[in-house]
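Student: quick one, structure for this:
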Amino acid sequence: MADNTFSALVLSESDGKVSGEIKTLSDGDLPEGDVTVRIEYSDINYKDGLIVSGLGGLVRNYPHVPGVDFAGTVETSNHARYTPGDKVVLTGWRVGEAHWGGFAGKARVKGDWLVPLPKRVDTRQAMAVGTAGFTSMLCVLALQDHGVKPDSGKVIVTGAGGGVGSVAVAILAKLGYEVAAVTGRADTHDYLKSLGAAEIVEREALSEPVKKPMESAVWAGAIDTVGGATLSRLIGQMAYGAPIAACGNAGGIKIETNVLPFILRGVKLIGVDSVMVPFEDRLRVWERVGHDLPMDKLEDMIGEIGLDGVMEAGGKILKGQIRGRTLVKLG
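Tutor: Below is the predicted model of the structure:
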């Protein structure tokens with residue numbers, strides 16, 4: 001394949017149905033941007049599953065190249081921050097959604113959307129982290145910024161078998177927190193314990209509707225990747241002043257709660273967005289990832305596919321059938 005051509009997963013839409021096909025594209029097909037990156041790895045996130053399945057109305061214009069994350073090497077640059085050969089990572093900014101993304105051999109984007117990779121992190125590891133791990137670290141920082149320390153008490157992570165939850169468990173455990181991991185899958189128990197979970201909480205224990213305005217105070221902090229009934233129950237179980245970092249809605253967008261946990265216990269519900277995070281904050285997150293994420297544990301989370309496996313993997317992640325992180329190898 002010539003240097004200016006590359007393979008890409010291209011989505012098409014017909015009669016409301018979305019299909020994907022691997023095609024050969026050239027540099028001239030790429031959208032506008034001031035940096036062109038030769039991609040080495042991308043990954044599969046929940047949003048990727050929605051996009052390749054044609055759900056959620058996230059993509060408005062077809063044909064479209066999906067993939068919300070990528071990491072690789074700068075090939076050409078008109079941006080002051082980057083020169084050819086630089087290793088970079090991209091997550092967020094609606095790439096793969098409103099702008100062509102990472103399920104391709106190359107991408108052209110705004111340089112302001114990129115982040116230089118820390119020296120401790122290579123492109124494969126960066127995509128093992130990806131949006132999921134980036135979000136996990138944002139959640140950990142939110143808890144720490146609100147005073148949660150390893151000796152504060154138990155920290156609970158919901159949806160712990162997924163990408164965000166897995167990385168959150170590993171980071172918290174390395175930092176010395178006592179982590180309770182919530183999962184509905186028996187086959188993830190040993191996996192979560194290997195990441196450092198001290199306790200497994202069955203999903204059913206938090207899925208029943210709220211029955212009391214407040215329950216016994218159990219958790220010093222929480223990272224919730226699920227939303228819905230699970231988040232509703234957690235709010236009433238938080239200790240005095242405890243924060244919840246909420247970053248997902250796989251269990252639904254509606255919650256049932258009341259003001260008592262907030263005005264009697266000072267519970268804090270913190271929304272965590274990973275898409276529009278400013279550059280300086282992104283640098284902080286990636287530096288913390290390089291320092292705080294145990295890379296040996298990260299390797300245990302990884303599965304790897306090629307472009308030809310993306311459509312199937314996208315369907316599986318929506319059904320909760322993917323454990324940990326799935327990389328898409330492009331380089």
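Student: ramachandran angles for residue 277?
Tutor: phi -60, psi 130 (degrees, to the nearest 10).
Student: who are the contact partners of it?
Tutor: 92, 138, 285 (C-beta atoms under 8 Å, 6 or more residues apart in numbering). (Glycine included, C-beta is placed from N, CA and C.)
Student: residue 260 is in contact with residue 213, isn't it?
Tutor: Yes: under the criterion of C-beta atoms under 8 Å, residue 260 makes contact with residue 213 at 4.5 Å.
Student: can you pull out the helices in the stretch 201-331 of the chain?
Tutor: Taking DSSP state H, counting those that start in this stretch, the helices of the stretch 201-331 of the chain run over residues 204-207, 228-235, 260-264, 279-292, 295-300, 310-318.
Student: let me have these in a markdown table, adding mean neighbour count as columns.
Tutor: A markdown table is the format used below for these (neighbours: other C-beta atoms under 10 Å):
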| stretch | mean neighbour count |
| --- | --- |
| helix 204-207 | 14 |
| helix 228-235 | 23 |
| helix 260-264 | 14 |
| helix 279-292 | 16 |
| helix 295-300 | 15 |
| helix 310-318 | 18 |
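Student: from memory residue 127 sits against residue 42, does it?
Tutor: Yes: counting by C-beta under 8 Å, residue 42 is a contact partner of residue 127 at 6.1 Å.
Student: residues shared between the contacts of those two?
Tutor: Counting by C-beta under 8 Å, 6+ apart, the common neighbours of residue 127 and residue 42 are 69, 70, 71, 327, 328.
Student: now render the residues you listed as JSON lines, adding neighbour count, distance to residue 313 and pLDDT.
Tutor: Putting those into JSON lines (neighbours: other C-beta atoms under 10 Å; distance: C-beta to C-beta, whole Å; pLDDT from 0 to 100) gives the following:
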{"residue": "69", "neighbour count": "31", "distance to residue 313": "14", "pLDDT": "98"}
{"residue": "70", "neighbour count": "32", "distance to residue 313": "16", "pLDDT": "98"}
{"residue": "71", "neighbour count": "32", "distance to residue 313": "18", "pLDDT": "98"}
{"residue": "327", "neighbour count": "24", "distance to residue 313": "10", "pLDDT": "97"}
{"residue": "328", "neighbour count": "26", "distance to residue 313": "8", "pLDDT": "98"}
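Student: just give me the closest of those residues to residue 25.
Tutor: Closest approach to residue 25 among the shared contacts of residue 127 and residue 42 (C-beta to C-beta): residue 70, at 14.9 Å.
Student: could you look up the SS state of the closest one?
Tutor: Taking DSSP: H, G, I helix; E, B strand; the rest coil as the rule, one finds residue 70 in the strand state.
Student: then residue 160?
Tutor: Following three-state DSSP, the label given to residue 160 is coil.
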